[in-house]
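1. Can you look at this prediction? I've put the sequence above it.
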Amino acid sequence: MIMKEIAAAMIEAEYLSHSAEETEKAGMELGKMLRRGDVVSLRGSLGAGKTVLAKGIAKALSINEAIVSPTFTIVQEYDAGTMPMFHLDLYRLSGDDEFESMGGEEFLYPDGITLIEWSEKIEDMLPDSTIFVEIAINEDLTRKITIEGGAR
Ligand SMILES: Nc1ncnc2c1ncn2[C@@H]1O[C@H](COP(=O)(O)OP(=O)(O)O)[C@@H](O)[C@H]1O
Ligand SMILES: [Mg+2]
């Protein structure tokens, strides 16, 4: 019998960010650790810095295009980096049904990386290996960034 040891290390990190630049850097560090097929949930209130962090992830994937917020298009695809990146913003989505009818499930098992803002809208559909990034705005407007998850 051949036995394989499967490492199931998770990603875990915490940052205190004092500026958009620092949040982008945290995104870059996370981006360097991502593997093809990873889904990243970006959580935090409007203006917390989810899209800023997504820009850092894109940089780590060598995507040079400008990252535009997909609030109105729901999904933006970037194909010019080391692997495809799908950036979703589900703010305007009603829920699971609408996600399914737009063919959203394919983004949950990507041939590349998927980033999802407002993934709360499809909470029950997220893969178990989803990496969660939570950005909280502190009273002094700094951001507490907590990263955890991913069966790796
Ligand atoms: N520490 C910080 N991290 C991220 N963004 C910050 C920070 N401080 C101020 N900002 C500002 O907050 C805004 C975050 O916008 P955005 O990333 O679009 O938010 P979201 O996608 O979460 O709605 C930007 O205008 C950014 O310049
Ligand atoms: Mg955003």
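-> Perfect, I can see it now. Residues are numbered from 1 along each chain as shown. Ligands and ions are numbered 1, 2, ... in the order given.

2. part of a helix, is Gln76?
-> No - with DSSP: H, G, I helix; E, B strand; the rest coil as the criterion, Gln76 is strand rather than part of a helix.

3. show me what contacts it?
-> Shown in contact with Gln76 (Cβ atoms under 8 Å, 6 or more residues apart in numbering): Ile67, Val68, Pro70, Phe86, His87. For glycine as for every other residue, the C-beta is placed from the backbone atoms N, C-alpha and C.

4. count of neighbours near the first one?
-> This means Ile67. 19 (other Cβ atoms under 10 Å).

5. Check which helix or strand the spatially closest residue to it that is not a sequence neighbour maps to.
-> Once flanking residues are discounted, Ile67 sits nearest to Lys55: 4.6 Å by Cβ to Cβ, 6 or more residues apart in numbering. Element membership of Lys55, judged by DSSP states H and E, is helix 50-60.

6. Pull the residues that contact that helix.
-> Counting by Cβ under 8 Å, 6+ apart, 20, 23-32, 34, 40, 42-44, 65, 67, 69, 78, 81, 85, 87, 89, 113, 115, 117, 133, 135, 145 sit against helix 50-60.

7. From these, keep the buried residues only.
-> Burial by neighbour count, judged by 16 or more other Cβ atoms under 10 Å, picks out 23-28, 30-31, 34, 40, 42-44, 67, 78, 81, 85, 87, 89, 113, 115, 117, 133, 135, 145 from the contacts of helix 50-60.

8. per-residue confidence at the residue of the chain found nearest ligand 1?
-> With Cβ to the nearest ligand atom, the shortest gap between the chain and ligand 1 falls at Gly49, namely 2.7 Å. Looking at Gly49, its pLDDT stands at 98.

9. Up against ligand 1, what does the chain have?
-> 17-20, 22-23, 44, 46-52, 69, 117, 142-143 (Cβ under 6 Å from any ligand atom).

10. Show me the buried ones among the contacts of helix 50-60 that map onto strands.
-> Judged by DSSP state E, the subset of the buried ones among the contacts of helix 50-60 located in strands is 40, 42-43, 78, 85, 87, 89, 113, 115, 117, 133, 135, 145.

11. Lovely, talk soon.
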